[in-house]
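*Asks:* Fold the following and give me the result.
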Amino acid sequence: MKKLSLNKILDNRNLLISSIGVSSIGDTVFNITIMWFIYQETQSAISTSIIGVLWHLTSIFISPFAGTFVDRHTPNRVLLWSYFASGLICILFVLGYIILEYRDFVIYSSVFLLNSINTFIMPAKNRTLGKIVQKEKIPQVNGLIVSVNQISDIIGNSISGLLIGILGFAGSILFDSITFFIASLLISHLKIKRLHKDQNITGFVETNQYKGNYKKDLIDGIKFILRHRTMGKLVLLVLLINISSLVGPLYIIAC
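*Replies:* Here you go, the predicted structure:
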């Protein structure tokens, strides 16, 4: 049997996929822990569903700006600092929950902040993938990432109840922070290499095309979607699929 070398383990694809898998476990545990705690404290389905509303509000209002931001910055660094900031917010969340009196405000504001940061992760991941993987291999690696995400969701859902029972609310959130710090550590070892002749290895913005203002980029993006029917249909399909995520809080209430 061939022994796995350190270079193979620290391969760019392995690092990226592992970081996404680890952080997905933390995301799942965080979401379930938050919804469970809110319902236990309030016994209100409305209060619990507000969590789901916050998830979608951050995606609607911040995602467009996240994409234009990633276009202007090194994507793997955006990933690294997004994961690190997520772990830091989890720690501050626990401290605020213990110290401050207005716990509901701390919880909702922390969920909003954490999900706001997470909107930067998807575009940064996609752009990083294009920098470390040959174009013809992107669908294969992206499919593997989707599979890892699904497995991580299963693991997160499986251990959430156990973690809440053993570690409690604060301990479960601190566990989430550890997963985010691990993800940022994995991303920090990414080594970006030149894959194509037109790529600039010293930076990800090869030209000044992304130096315009954010408003223009947002308008151009909307126009692009409207001009291409296939892209518009895909966007609409994703919106419809995401509606199903609104039933998440109902699982907690049903239990």
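
*Asks:* Give the buried residues for the helix or strand containing residue 53.
*Replies:* Element membership for residue 53, per DSSP states H and E: helix 45-72. Residues of helix 45-72 classed as buried by neighbour count (16 or more other C-beta atoms under 10 Å): 47-52, 54-55, 58-59, 62, 64, 66-71. Any C-beta I mention is one placed from the backbone N, CA and C, and that applies to glycine too.

*Asks:* any chance you could read off phi and psi for the closest residue to residue 92 other than its chain neighbours?
*Replies:* Once flanking residues are discounted, residue 92 sits nearest to residue 110: 7.6 Å by C-beta to C-beta, 6 or more residues apart in numbering. Backbone geometry at residue 110, expressed as degrees, to the nearest 10, gives phi -70, psi -40.

*Asks:* Model confidence at residue 110, what's the number?
*Replies:* Residue 110 is assigned 83 on the pLDDT scale.

*Asks:* next one: the one 10 residues further on
*Replies:* Listed pLDDT for residue 120 reads 90.

*Asks:* What of the one 4 residues further on?
*Replies:* According to the model's per-residue confidence, residue 124 sits at a pLDDT of 88.

*Asks:* Residue 227: how many residues sit nearby?
*Replies:* When neighbours are counted by other C-beta atoms under 10 Å, residue 227 registers 9.

*Asks:* Make 15 the starting number, not 1.
*Replies:* All set: I'll call the first residue 15, so the last point we hit is now residue 241.

*Asks:* Give me the pLDDT value at it.
*Replies:* Reading off the model, residue 241 has pLDDT 75.

*Asks:* How about residue 269?
*Replies:* Reported pLDDT for residue 269: 54.

*Asks:* same thing with residue 220?
*Replies:* 44.

*Asks:* can you pull the contacts of residue 96?
*Replies:* The contact partners of residue 96, by C-beta atoms under 8 Å, 6 or more residues apart in numbering, come to 131-132, 134-135, 138.

*Asks:* thinking again about what came up before, by how many degrees do the helix or strand following the helix holding residue 67 and helix 59-86 diverge?
*Replies:* Heading C-terminal from helix 59-86, the first helix or strand you meet, by DSSP H and E, is helix 89-113. Angle of helix 89-113 versus helix 59-86, following axes from the mean of the first three to the mean of the last three C-alpha atoms, to 10 degrees, is 150 degrees.

*Asks:* List the buried residues of helix 89-113.
*Replies:* So, applying 16+ other C-beta under 10 Å, buried residues of helix 89-113: 89-90, 92-105, 107-108, 110-111.

*Asks:* Check the average confidence over that helix, would you?
*Replies:* 90.

*Asks:* For that helix, what is the distance to the chain centroid?
*Replies:* 12 Å (C-alpha atoms, centre = their mean, to the nearest Å).

*Asks:* Apart from its neighbours in sequence, what residue is nearest residue 112?
*Replies:* Using C-beta to C-beta, 6+ apart, the closest residue to residue 112 is residue 184 (6.9 Å).

*Asks:* What is the host helix or strand of the one you found packed up against?
*Replies:* Using DSSP H and E, residue 184 falls within helix 152-202. The helices and strands touching helix 152-202, judged by 3 or more C-beta pairs under 8 Å, 6 or more residues apart in numbering; DSSP states H and E, are helix 26-56, helix 89-113, helix 135-146.

*Asks:* Residue 119 is nearest to which of those?
*Replies:* Go through the helices and strands packed on helix 152-202 one by one with C-beta to C-beta and the one that ends up closest to residue 119 is helix 89-113, at 8.9 Å.

*Asks:* about what we covered before: name the member of the contacts of residue 96 with the shortest distance to residue 53.
*Replies:* residue 132 (22.2 Å).

*Asks:* Can you check what angle separates the helix holding residue 184 from helix 135-146?
*Replies:* Helix 152-202 and helix 135-146 meet at an angle of 100 degrees, taking the same axes, to 10 degrees as the criterion.
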